[in-house]
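Student: compute the structure for the input listed below.
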Amino acid sequence: MTVKITGVTVVLLLASVLALGSGIVVFALGTTPLAAVGTGGVAFLGIAGLGMGVLSYLLPDAPRDR
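Tutor: Residues are numbered from 1 along each chain as shown. Just a heads-up that it's a prediction; the model follows:
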């Protein structure tokens with residue numbers, strides 16, 4: 001169970017960092033702040049969703065800690 005929790009934590013942290021980076025890059029290219037926030041949100045949802053899909057494929061039944 002702790003392996004799956006650690007995997008979820010890593011996926012969400014990675015999604016947060018990449019979404020923040022994409023928002024900053026889009027804003028630096030001269031778009032409006034609303035477009036930059038929207039881009040960051042979409043990037044977070046996409047990366048987190050894909051990461052969770054990969055994680056559930058790699059760890060379908062994580063063993064429980066006893």
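Student: what packs against whichever strand or helix holds residue 40?
Tutor: Assigned by DSSP states H and E, residue 40 belongs to helix 33-58. Packed against helix 33-58 by the contact rule (3 or more Cβ pairs under 8 Å, 6 or more residues apart in numbering; DSSP states H and E) you find helix 2-28. All C-beta atoms are positioned from the backbone trio N, CA, C, and that covers glycine.
Student: burial of residue 55, as a residue count?
Tutor: Look at residue 55: counted by other Cβ atoms under 10 Å, it has 16 neighbours.
Student: right, I mislabeled it, should have said residue 57
Tutor: 8.
Student: how about residue 14?
Tutor: One way to gauge burial is a neighbour count; for residue 14, by other Cβ under 10 Å, it gives 13.
Student: ok now do the most centrally placed residue in the chain, which residues does it touch?
Tutor: In the chain, the C-alpha closest to the average C-alpha coordinate belongs to residue 15, at a distance of 2.3 Å (Cα atoms, centre = their mean). Residues in contact with residue 15 (Cβ atoms under 8 Å, 6 or more residues apart in numbering) are 43, 44, 47, 48, 51.
Student: so residue 8 is in contact with residue 55, correct?
Tutor: Yes. With contact defined as Cβ atoms under 8 Å, residue 8 and residue 55 form a contacting pair (6.8 Å).
Student: residues that sit against both of the two, list them.
Tutor: Once Cβ under 8 Å, 6+ apart is applied, it turns out that residue 8 and residue 55 contact no residue in common.
Student: chain center to the helix holding residue 40: distance?
Tutor: 5 Å (Cα atoms, centre = their mean, to the nearest Å).
Student: stretch 1-21 too?
Tutor: 6 Å.
Student: so, low pLDDT: which residues of the protein?
Tutor: For the chain, the stretches with pLDDT under 70 are 62-66.
Student: redo that, cut-off 80
Tutor: For the chain, applying pLDDT under 80 flags the ranges 1, 61-66.
Student: in the helix holding residue 40, which residues are buried?
Tutor: Of the residues in helix 33-58, 36, 39, 40, 43, 44, 47, 48, 51, 55 count as buried by neighbour count, 16 or more other Cβ atoms under 10 Å.
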